[in-house]
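> this one's structure only:
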């Protein structure tokens, strides 16, 4: 049975359940950032997914990219570059980060992971970001 790692609940907000993944908005207002967590029990690596689920994940990553761009546009910070990563060093449950980057973001040009403490969304920005992301994800 699939269970979401508690680390995701503590650091992100639910968006939608897609065909394969739970989509969540990372709680860092400095970046448009969606995390996709496949709802498949006990997977740690991309290779643990079936071929069909691997293809489905790729489609959902592309949709998450559109969602991240929509968040950036809604918050007045258009995305210049998408970063996509499936690291899993800290939280081993398979998940994919889709992060919108800009040359003026605090971590540019380095990675966002471990750069500095997150800046949580305030209620108004969270509502705007969530609405933008879910609208884009629903086009999948």
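Looks like it came in fine. Quick caveat: nothing in here was measured; it's all calculated off a predicted structure.
> ok, which stretches of the chain are strands?
For the chain, the strands defined by DSSP state E cover 12-17, 21-26, 33-38, 81-85, 96-101.
> other SSEs contacting the shortest one?
The one in question is strand 81-85. helix 51-74, strand 96-101 (3 or more CB pairs under 8 Å, 6 or more residues apart in numbering; DSSP states H and E). All C-beta atoms are positioned from the backbone trio N, CA, C, and that covers glycine.
> quick one, that strand and strand 33-38 angle?
Interaxial angle, strand 81-85 versus strand 33-38 (axes from the mean of the first three to the mean of the last three CA atoms, to 10 degrees): 30 degrees.
> Need the residues that contact strand 81-85.
61, 65, 68-69, 96-102, 111-113 (CB atoms under 8 Å, 6 or more residues apart in numbering).
> switch to 6 Å and redo it
The contact list for strand 81-85 (CB atoms under 6 Å, 6 or more residues apart in numbering) reads 65, 97-99, 101.
> Please identify the most buried of the helices and strands packed on strand 81-85.
Most buried of the helices and strands packed on strand 81-85, by mean neighbour count (mean count of other CB atoms under 10 Å): strand 96-101, with a mean of 23.
> Show residues contacting that one.
31-36, 61, 64-65, 68, 72, 79, 81, 83-86, 112.
> Give me the sheet partners of it and which way each runs.
strand 33-38 (antiparallel), strand 81-85 (antiparallel) (DSSP bridges).
> So what angle separates the directions of that strand and helix 51-74?
Comparing the axes of strand 96-101 and helix 51-74 via the same axes, to 10 degrees yields an angle of 30 degrees.
> Please renumber the chain so that the first residue is 537 from this point on.
Shifting the count to begin at 537 puts that one at strand 632-637.
> so how far is residue 544 from the nearest residue to residue 581 once chain neighbours are set aside?
Closest residue in space to residue 581, ignoring its immediate chain neighbours: residue 630 at 6.5 Å, by CB to CB, 6 or more residues apart in numbering. When distance is defined by CB to CB, to the nearest Å, residue 630 is 12 Å away from residue 544.
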